[in-house]
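Asks: this one's sequence-less:
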């Protein structure tokens, strides 16, 4: 899963990137060739994996990962083509909005207004997608004059629907297409078709006001809004554990930002986590909600999907409550599932397969 961190200049995108990657046990950030994007592979903390690992004491424990792409100042200034192309490859956008006040770092528009900034970013995303649609339609017009093609006729019809939506200032995520037609648009990487998580970068005097601040944006706080004070989180990163815990208590910070942002992204993209386990390795894997046991097998290795026989499944809550795999079996909570079984978040799975 890839998340692109974007925002207006002076919104604190770089600081947010540093805060998230500091706490999520990530690989060192790497810059792309253009130097505009930093990328870090972030390990997703999951207490369930810790519990499973403590039970099996494996040689290796492998958490799930998310690739975080930083694109500071992508909107509101001259857009760097290579940065934008990298963002278009992401599965979802994390839009950083400035809520904090800091006279030494002036806002692009002089005043702090996250709702206005969000509208501006959405407008620029619409215009960017509109330019792509219009350019592609022009090329299709020339091509179809030479030779009629069913594939190009279908693409033209779908893009005309996109054009209509964008001209009405509507996001392409509003477009309801069957999977076969949606595939036609996949290669364009339209920004307004992507899921979007709003991240409010607040000041230390605004901690505890998160829901009130997000209400002004008209966004569902629980589903697609997160908050953090990037400056405070950066300061916390320099402290010893005991001092950090005390500081967090004083500021009423319940949890660091990284786990919150990653969990919110999972919810937004409907990501399901399942676990494999054993003496060699305990590992967290990602599939989309609705994907099946054979899809999960394919995530582990294509050979497992081809030779799939059955999945041996126990839910993590049963494993945890009963005290282990043997106890879950004895209690009748261990199941055999076929190819079409829809994987549930927290499933612990062993794939049985033919060679």
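Replies: Received the coordinates, thanks. Quick caveat: nothing in here was measured; it's all calculated off a predicted structure.

Asks: contacts and neighbour counts: CA atoms only from here.
Replies: OK.

Asks: Pull up the gap between residue 102 and residue 188, please.
Replies: 38 Å (Cα to Cα, to the nearest Å).

Asks: Actually, residue 310.
Replies: 38 Å.

Asks: of residue 102 and residue 188, who's got more company?
Replies: Higher neighbour count among residue 102 and residue 188: residue 188, with 16 against 11, using other Cα atoms under 10 Å.

Asks: Check the secondary structure at that one for me.
Replies: Secondary structure assignment for residue 188 (DSSP: H, G, I helix; E, B strand; the rest coil): coil.

Asks: got a pLDDT number for it?
Replies: With respect to pLDDT, residue 188 has a value of 94.

Asks: domains for the chain, by residue range?
Replies: The chain breaks down into these domains under automatic domain parsing: 2-112+194-268, 123-193, 290-353.

Asks: pLDDT on the shortest one, on average?
Replies: Read it as domain 290-353. 96.

Asks: which residue ranges form the helices in the stretch 201-350 of the chain?
Replies: With helices called from DSSP state H, counting those that start in this stretch, the stretch 201-350 of the chain shows them at 210-215, 221-224, 230-236, 241-250, 257-269, 293-300, 302-306, 316-322, 325-330.

Asks: Adding mean neighbour count, write these out as a markdown table.
Replies: A markdown table is the format used below for the helices of the stretch 201-350 of the chain (neighbours: other Cα atoms under 10 Å):
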| stretch | mean neighbour count |
| --- | --- |
| helix 210-215 | 16 |
| helix 221-224 | 15 |
| helix 230-236 | 18 |
| helix 241-250 | 12 |
| helix 257-269 | 19 |
| helix 293-300 | 21 |
| helix 302-306 | 16 |
| helix 316-322 | 17 |
| helix 325-330 | 16 |
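
Asks: will you turn those helices into JSON lines that also has distance to residue 94?
Replies: Below are the helices of the stretch 201-350 of the chain laid out as JSON lines (distance: least, Cα to Cα, whole Å):
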{"stretch": "helix 210-215", "distance to residue 94": "15"}
{"stretch": "helix 221-224", "distance to residue 94": "9"}
{"stretch": "helix 230-236", "distance to residue 94": "14"}
{"stretch": "helix 241-250", "distance to residue 94": "25"}
{"stretch": "helix 257-269", "distance to residue 94": "8"}
{"stretch": "helix 293-300", "distance to residue 94": "25"}
{"stretch": "helix 302-306", "distance to residue 94": "31"}
{"stretch": "helix 316-322", "distance to residue 94": "30"}
{"stretch": "helix 325-330", "distance to residue 94": "38"}
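
Asks: Which of those sits closest to residue 153?
Replies: Comparing the helices of the stretch 201-350 of the chain against residue 153 with Cα to Cα, the closest turns out to be helix 257-269 (30.8 Å).

Asks: name the helices or strands packed onto the closest one?
Replies: In terms of contacts (3 or more Cα pairs under 8 Å, 6 or more residues apart in numbering; DSSP states H and E), helix 257-269 is packed against helix 13-23, strand 195-201, helix 221-224, strand 225-228.

Asks: and these, which is most packed in?
Replies: With neighbours defined as mean count of other Cα atoms under 10 Å, the helices and strands packed on helix 257-269 peak in mean count at strand 225-228, which reaches a mean of 24.

Asks: What is the burial count for residue 355?
Replies: Counted with other Cα under 10 Å, residue 355 comes out at 8.

Asks: Residue 104 too?
Replies: Count around residue 104 with other Cα under 10 Å applied: 6.

Asks: got any ranges where the stretch 101-250 of the chain has weak pLDDT?
Replies: Residues of the stretch 101-250 of the chain meeting the criterion pLDDT under 70: 216-224.
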